[in-house]
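Q: Okay, predicted coordinates and the sequence, questions at the end:
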Amino acid sequence: MVAGYFLYEAAPVPVGLGLGALANVPFNLVQGVFGLVSAGAVYLALFRARALARL
C-alpha cells in the first residue's frame, strides 16, 4: 500500500512530487498500521458477538 502511494505521488503525470513523495511515506505507514489495528478490532468484536457465523 505504501509503495503504491509512493509510486503514484512520485509519477510525473498525476501528482508529480518526485522524490518529495518520500516525505509522505511515514504518514502512509501510520495509516496502514492504524487500518490493520482497526480491522483486527472490528473482526474480534464481530467474532465474539458470533456475527460472522451469520454472514
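A: Here it is on my side, so go on.

Q: what are the ranges of the helices in this structure?
A: Per DSSP state H, the chain has helices spanning 2-10, 25-48. These are given in chain order.

Q: got a pLDDT number for the most centrally placed residue in the chain?
A: Per C-alpha atoms, centre = their mean, the C-alpha nearest to the average position across the chain is that of Gly32, at 3.4 Å. Note on Gly32: pLDDT of 95.

Q: I figured it was touching Ala3, is that so?
A: No: the pair formed by Gly32 and Ala3 falls short of the contact definition of C-beta atoms under 8 Å, at 10.6 Å. C-betas here are computed from N, CA, C, even on glycine.

Q: Please identify the deepest-packed of the helices of the chain.
A: Among the helices of the chain, the stretch with the highest mean neighbour count (mean count of other C-beta atoms under 10 Å) is helix 2-10, at a mean of 14.

Q: Who are the packing partners of that one?
A: helix 25-48 (3 or more C-beta pairs under 8 Å, 6 or more residues apart in numbering; DSSP states H and E).

Q: And the contacts of the helix it packs on?
A: In this structure, residues lying in contact with helix 25-48 by C-beta atoms under 8 Å, 6 or more residues apart in numbering are 1-2, 5-6, 52.

Q: For this protein, give me the ranges with low pLDDT.
A: Applying pLDDT under 70 to the chain flags no residue at all.
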